[in-house]
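Chemist: structure for the following, please:
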Amino acid sequence: MTGAATMERGLEKMTPILETERLILRPIREEDTNAIFVCWMRDEEVSRYMLWKASDDLEDTQEFVRFELQNLDNPKWNRWIIVRRDSADIVGTCLMFYNEEEQHWDVSYNLGRKYWGCGYITEAMSRVMQYARTSGIKECATTHAAENLASGRVLEKIGFRYEREIPYVYSQGECKTTGRYYRWTSE
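Modeler: So this is what the prediction gives:
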């Protein structure tokens, strides 16, 4: 099942709470704004290869949170805030969304620099892909900047397979590089 056929199945109407051994993945809340700002939105290292750019303006984070809150009931958009079970600290975010332009499901994720190297993104995204499988999603594709080797390792650990190089644009379209295109299938 590909493209529009995959979209027909979709995900739940409201982003569900997902759990792992160490993490809780939950929908965004307005009161998360300051933690998101501190954890990753103002960090240029975190945003280095992302579509968005880091910002020291809290209003940019407030705008991000408003956008995400408006999409809570969108079955084509599932954004999770990643929270540590033991401390309730917000450590990052992950997203599964239907990419209308490319007609496939896609994923994205980022983690506060303080939490790099702890296996949190692999753990969180493994759970997201399990959710995708049980929700009827048959395939998903995504791209990362070729220089971002850590992202490629995460994708491979969660079952994505590298297919080819393609152009990759990031930092709100200001930067271009080579991207590595990956695909995941539920079989």
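Chemist: have a look at this structure and report its longest helix.
Modeler: With DSSP state H setting the assignment, residue counts place helix 120-134 as the longest helix in the chain.
Chemist: so what secondary structure elements neighbour that one?
Modeler: Packed against helix 120-134, as judged by 3 or more Cβ pairs under 8 Å, 6 or more residues apart in numbering; DSSP states H and E, are the following elements: strand 18-19, strand 23-26, strand 77-84, strand 90-99, strand 104-111, helix 149-157. (Each C-beta comes from the backbone N, C-alpha and C, glycine too.)
Chemist: export the ones you listed to TSV and tack on distance to Y49 and mean pLDDT?
Modeler: Supplementary listing: the helices and strands packed on helix 120-134 in TSV, determined by distance: least, Cβ to Cβ, whole Å; pLDDT from 0 to 100:
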stretch	distance to Y49	mean pLDDT
strand 18-19	25	97
strand 23-26	22	98
strand 77-84	19	97
strand 90-99	15	96
strand 104-111	9	94
helix 149-157	7	95
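Chemist: R42: which of the ones you listed is closest?
Modeler: Shortest separation from R42 across the helices and strands packed on helix 120-134 is recorded for strand 104-111, at 12.6 Å, computed as Cβ to Cβ.
Chemist: show me which positions of the longest helix of the chain end up buried.
Modeler: 120-129, 131-133 (16 or more other Cβ atoms under 10 Å).
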